[in-house]
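In: Mind folding the following:
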Amino acid sequence: MAPEDRLKDLIIRFKEVLDSNEGRLNCFCKYGVQLEGWLKGEVLYFLDNEKSAGRIADFYREVPTGVGRKKADLKIRISTSSGLKHWLIGYRRGVRYDAQFYFGDPSSVGIKPDAEKLSEIPNGSKFLLILTTANPGIDDWSTGVDKFNRKFSPLHVRSLTNPADFLSFYYLGLLEVTRHENA
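Out: Numbering: from 1, shown residues only. Next up is the predicted model:
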């Protein structure tokens, strides 16, 4: 099975964990907070169980990318490296945030710095996992992906999951990160 397919299977299993957290994820959205620390804790516990069950070989946290002090959040031993983000889709202090905003933001609020870090890793596939609370919907997500690819070329992301497959209170956006030098 290709690394991309194995990672998709992993995401489907993690989706089951998040499906049972409706109250918690709705609360995050209600109060307009992004809790990447909480997400990292949930992912760590999940991956530890996946490793114990023999579904992944191993995983590593805070892995140097080989470029200065830059680090990837996780490396899962199926030849992939990945980063994690949590985006609020909704209102914070009267301001509306949607996927298009985050995809277009060049700061650490968006994914550009994470995509750059991952693209500099010499070997293996690179992925970003984004938890959104609430689900942005297909149009907002797709338009955001297109915006990122236009604005930050030669970086390129490809969505491997679909908002339509998730409940209304969250979405797990799995993005493959590549660099198209001839773009």
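In: ok, Ser82 touching Ile76?
Out: Yes: the criterion here is CB atoms under 8 Å, and Ser82 meets it with Ile76 at 6.7 Å. C-beta here means a position set from N, CA and C on the backbone, and glycine is covered the same way.
In: Spell out which residues are contacts of both of those two.
Out: Listed as contacting both Ser82 and Ile76 by CB atoms under 8 Å, 6 or more residues apart in numbering are Leu7.
In: what are the ranges of the strands in this structure?
Out: 59-64, 71-76, 80-88, 90-92, 95-97, 125-133, 155-159, 171-179 (DSSP state E).
In: quick one: strands adjacent to the fifth one?
Out: In the sheet, strand 95-97 lines up against strand 90-92 (antiparallel) (DSSP bridges).
In: And the partner strand, what's buried?
Out: Within strand 90-92, the residues that count as buried by 16 or more other CB atoms under 10 Å are Gly90.
In: one step back: now for the strands of the chain, which one comes closest to Phe14?
Out: Closest approach to Phe14 among the strands of the chain is made by strand 171-179 (6.7 Å; CB to CB).
In: got the angle between the closest one and strand 125-133?
Out: 150 degrees (axes from the mean of the first three to the mean of the last three CA atoms, to 10 degrees).
In: Please name the bridge partners of the residue positioned nearest the centre of the chain.
Out: In the chain, the residue lying closest to the centroid (CA atoms, centre = their mean) is Leu129, at 1.6 Å. Counting by DSSP bridges, Leu129 forms beta bridges with Leu84, Leu174.
In: List the residues that contact it.
Out: Contacts of Leu129 by CB under 8 Å, 6+ apart are 11, 43, 82-85, 172-175.
In: Then Ser119?
Out: 126, 155, 177-179.
In: swap in Phe14?
Out: So Phe14 contacts 43, 46, 172 (CB under 8 Å, 6+ apart).
In: For those residues, pick the one with the most neighbours.
Out: In terms of neighbours by other CB atoms under 10 Å, these top out with Val43 at 21 neighbours.
In: From Ile11, how far off is that one?
Out: 11 Å (CB to CB, to the nearest Å).
In: From what I see, Arg13 and Glu50 are in contact.
Out: Yes: here Arg13 reaches Glu50: they are 7.1 Å apart, a contact under CB under 8 Å.
In: the more surrounded of the two?
Out: Between Arg13 and Glu50, counted using other CB under 10 Å, Glu50 has the larger neighbour count: 17 against 13.
In: how deep is Gly54 tucked in, by neighbour count?
Out: 7.
In: Same question for Arg158.
Out: So Arg158, with other CB under 10 Å, has 13 neighbours.
In: Check Leu155 and give its pLDDT.
Out: Looking at Leu155, its pLDDT is 96.
In: Also Glu16?
Out: 92.
In: Can you report how many residues lie near it?
Out: 9.
In: Could you identify which of the strands of the chain is most buried?
Out: Most buried of the strands of the chain by mean neighbour count (mean count of other CB atoms under 10 Å) is strand 125-133; its value is a mean of 24.
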